[in-house]
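In: sequence first, then the predicted structure, then my questions.
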Amino acid sequence: MYRLCLALTLVTVAAGVSGQSQTALTEPQRIADLDQIAGFFSKNYAPYERKRELFGFDLLRLNDWFRAIHKADDLAYEDVLVDYISSLKDAHSVVTFPSSFVAEIPIRLDIYDGRVLIDAIDRTALPLAQYPFGVGDELIAFDGMPVRDVIASLQRYAEVGSPQLTDRVAADLIPFRGQNFYPRAPEIGDTATLLIQLNGGARNTWVVPWFKSGTAITSQGPVPSPGRQPYRLSGPPANPAGLSVESPAPRARGRATDDGVDDTLPAYMEPLRPLLNASVPRGPEAVLNFGSKIPIYAPPPGFVLRRGAPSSDFFLTGTFPAAGRTIGFIRIPSFSPSSTSVALQQLDQEIAFFNANTDGLVIDVMRNPGGFLVFCENIAARLMPAPFRTVGYEVRATATWVTQFGNALEAAQLGGAPPQVIANLQANFNAVLAAYNEERGRSTPVALNAFGSLTVSPAAVRYTKPLLVLVDGFTASAGDQFAAIIQDNGRAPLFGMRTMGAGGSVRSYAAVAYTEATLSVTVSLMNRGRVIQTPDYPPTPFIENVGVRPDIVNDYMTRQNLMTGGVPFMQAFTAAIVGLIQGGGS
């Protein structure tokens, strides 16, 4: 499952450290950081007005936050910054801190049928003889606190814009605390007490160890402020950084990051590359198979694997029989391959095969963290029989984006791009420039692709037969976009649960001086080009918070699916694709 080892606590960096918490940052330094964070969001955050209207939160009103930062120590101050960003209810916008410290218990938790269940456990760390609980058993309380209260206490660190999904991410964090997002992780004790209800109905309490690794940061300084006298030591150095050092332990929990780039873009798109990322910046650490090539459910009976065994295969593909028909299958783990050109070559081969050898096709984008916007469109182009409308992006216009859209236009002109592409890029530049001259300007929807157009032509190799797309709450960001393209163009029904609603592109800024924090900021908003009606939000064309709703509702998150490898879910989507084939279309 993942490797864990006990960290050996080493001697502190210097002797004579006070037992009391340090207040390393001065009040002016805390105010400066909060001002800087608010300034970055004021300048760059695209959904400002939307969050103010939906949730009544105005990120530019800081009086209450200035009062809140008068805390006893720097870790409490960092929690205030977490609260400020999480108030946006935005999966893309987070604040993280420079620490490698991690405390974790080697189990995974998620919410099934409304209950917090164990869905994985590392038996090398928690042997069955000593800890006789397992997959499917329910966590009732954690360190004496009812599990629902624990989830409520962790929501600030888990906010993804949807109450149900935020609860799931918070449950995921119960056994996993990284100080980069959970400032008080170093204060966690050596053990935790778990009250667990076994499948047979008996309840019992077990004390389990926390496994710790990395370097804990317990304060942020002290450092001199600009304009003050030079800093001088008034006594022996007493661990001024507030560091406690522990031996590093290898970790494999959560999805691995992929530093690939979209290598299919023409040169004139290079200025806009930073705008083309739509992926959640910090995904859930332990949601099973998040970003994985392996589906969450067992393969259908008779499944024959085509791609996916070697690491060089980006997709997992295959075929299976059902009701006398041959069904194709493609699992898209993310939209961030190490090489988009290689991934698209692989996909073209699979699409050609499936066109010739299958009666219908299932595409799985469940638990997909998103990735490159243009790659997402290129996959959609291989599933569309005719030209289609893509998702537009309303860009938060800044001097940077005015310049970069202008640079892309100029590069296309100098590079001899087709006249229609140049005309489209000119229109997009004009839209961003016009928004730049407005207060809180956000552009009209523009296309973030090499054509500069919201209308995209299908690929030369494209699938033309019935199609079904599997989605869930962790279909995020570019995954949201993919689901919207499929649904808005009537190509196929979506099967499963609503997508996350991480509806924009995201940039990271290493921008905060004293806490050295990194900000992830939503800099554009996905616009579907049509108004969507849902029971829980006002009518809107935006994906942010709303997500994309399935045409066929089927929730994988049941205990029966957990205990059977997803057999009921797999049987249901198999019946759905067979029904589409028998009905003659989508």
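Out: Sure thing, it's come through. If you're wondering where the values come from, they're calculated on a predicted model, not measured in any experiment.

In: quick check: domain ranges of this structure?
Out: Domains of the chain are assigned by automatic domain parsing as 105-211, 267-391+447-503+530-581.

In: flag the shaky bits of the stretch 201-350 of the chain, pLDDT-wise.
Out: Along the stretch 201-350 of the chain, the parts satisfying pLDDT under 70 run over 227-260.

In: residue boundaries of the strands in it?
Out: Listed in chain order, the strands of the stretch 201-350 of the chain (DSSP state E, counting those that start in this stretch) span 203-209, 211-213, 215-217, 243-245, 277-279, 304-307, 316-322, 325-331.

In: JSON lines for the domains of the chain, including mean neighbour count and distance to residue 440?
Out: The way it works is simple: take the backbone N, C-alpha and C, and place the C-beta from them, glycine included. Shown next, in JSON lines, are those (neighbours: other CB atoms under 10 Å; distance: least, CB to CB, whole Å):
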{"stretch": "domain 105-211", "mean neighbour count": "18", "distance to residue 440": "20"}
{"stretch": "domain 267-391+447-503+530-581", "mean neighbour count": "21", "distance to residue 440": "16"}
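
In: redo those as JSON lines? Include distance to residue 90.
Out: Formatted as JSON lines, the domains of the chain follow (distance: least, CB to CB, whole Å):
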{"stretch": "domain 105-211", "distance to residue 90": "6"}
{"stretch": "domain 267-391+447-503+530-581", "distance to residue 90": "7"}
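
In: so which of those domains is nearest residue 25?
Out: Checking the domains of the chain against residue 25 by CB to CB gives domain 105-211 as the closest, at 12.8 Å.

In: before we move on, back to that, to residue 102, which of the strands of the stretch 201-350 of the chain lies closest?
Out: Nearest of the strands of the stretch 201-350 of the chain (CB to CB): strand 211-213, 5.3 Å.

In: and the residue nearest to residue 326 when sequence neighbours are not counted, what is it in contact with?
Out: Computed as CB to CB, 6 or more residues apart in numbering, the closest residue to residue 326 that is not its neighbour in sequence is residue 358, at 4.9 Å. Applying CB atoms under 8 Å, 6 or more residues apart in numbering to residue 358 gives the contacts 319, 326-328, 465.

In: all strands of the stretch 351-500 of the chain, in order?
Out: Using DSSP E, counting those that start in this stretch, the strands assigned to the stretch 351-500 of the chain run over residues 360-364, 370-372, 388-389, 392-395, 455-456, 467-471, 494-496.

In: who does the first one pair up with?
Out: Sheet neighbours of strand 360-364, with direction, are listed as strand 325-331 (parallel), strand 467-471 (parallel) (DSSP bridges).

In: any chance of those strands in a markdown table with distance to residue 187 as columns?
Out: What follows is these, written out as a markdown table (distance: least, CB to CB, whole Å):
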| stretch | distance to residue 187 |
| --- | --- |
| strand 325-331 | 40 |
| strand 467-471 | 39 |
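
In: out of the strands of the stretch 201-350 of the chain, nearest to residue 124?
Out: Each of the strands of the stretch 201-350 of the chain was scored for nearness to residue 124 using CB to CB, and the closest is strand 211-213 (11.4 Å).

In: adjacent strands (with direction) for the closest one?
Out: Per DSSP bridges, strand 211-213 is paired in its sheet with strand 102-104 (antiparallel).

In: and the helix or strand following the partner strand with strand 203-209, angle?
Out: Counting by DSSP states H and E, the element after strand 102-104 in chain order, helix or strand, is strand 107-112. Orientation of strand 107-112 against strand 203-209 (axes from the mean of the first three to the mean of the last three CA atoms, to 10 degrees) gives an angle of 140 degrees.

In: report how many residues lie close to residue 214.
Out: Residue 214 has 22 neighbours, counted by other CB atoms under 10 Å.

In: one more: residue 413?
Out: If we define neighbours as other CB under 10 Å, then residue 413 has 14 of them.

In: ok, for it, nearest residue in space, not its chain neighbours?
Out: Closest to residue 413 by CB to CB, 6+ apart is residue 422, at 5.8 Å.

In: returning to what we had before: closest to residue 374 out of the contacts of residue 358?
Out: residue 328 (24.2 Å).

In: got the contact list for the closest one?
Out: 317-319, 350, 353-354, 357-358, 360-362.

In: for those residues, give me JSON lines that also has distance to residue 88.
Out: Below are the contacts of residue 328 laid out as JSON lines (distance: CB to CB, whole Å):
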{"residue": "317", "distance to residue 88": "38"}
{"residue": "318", "distance to residue 88": "41"}
{"residue": "319", "distance to residue 88": "44"}
{"residue": "350", "distance to residue 88": "39"}
{"residue": "353", "distance to residue 88": "44"}
{"residue": "354", "distance to residue 88": "41"}
{"residue": "357", "distance to residue 88": "47"}
{"residue": "358", "distance to residue 88": "43"}
{"residue": "360", "distance to residue 88": "41"}
{"residue": "361", "distance to residue 88": "38"}
{"residue": "362", "distance to residue 88": "35"}
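
In: so which of those is the closest to residue 342?
Out: Distances from residue 342 to the contacts of residue 328, taken by CB to CB, are shortest for residue 350, at 13.0 Å.

In: for the residue lying closest to that closest one once chain neighbours are set aside, list the residues it contacts.
Out: Take residue 350 and drop its neighbours on the chain: the residue closest to it by CB to CB, 6+ apart is residue 317, 5.0 Å away. Neighbouring residues of residue 317 by CB under 8 Å, 6+ apart: 305-308, 328-331, 350.

In: so who does residue 157 touch?
Out: 82, 86, 170, 173, 181-182.

In: apply 6 Å and report the result again.
Out: The neighbours of residue 157, taking CB atoms under 6 Å, 6 or more residues apart in numbering as the test, are 181-182.

In: distance of it from residue 285?
Out: 11 Å (CB to CB, to the nearest Å).

In: again, but for residue 531
Out: From residue 531 to residue 285 the distance is 36 Å (CB to CB).

In: same question, residue 335
Out: Noted for residue 335: a distance of 20 Å to residue 285, by CB to CB.

In: circling back: would you list the contacts of residue 317 in CSV and tack on distance to residue 413?
Out: Formatted as CSV, the contacts of residue 317 follow (distance: CB to CB, whole Å):
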residue, distance to residue 413
305, 47
306, 43
307, 40
308, 43
328, 42
329, 44
330, 38
331, 41
350, 37
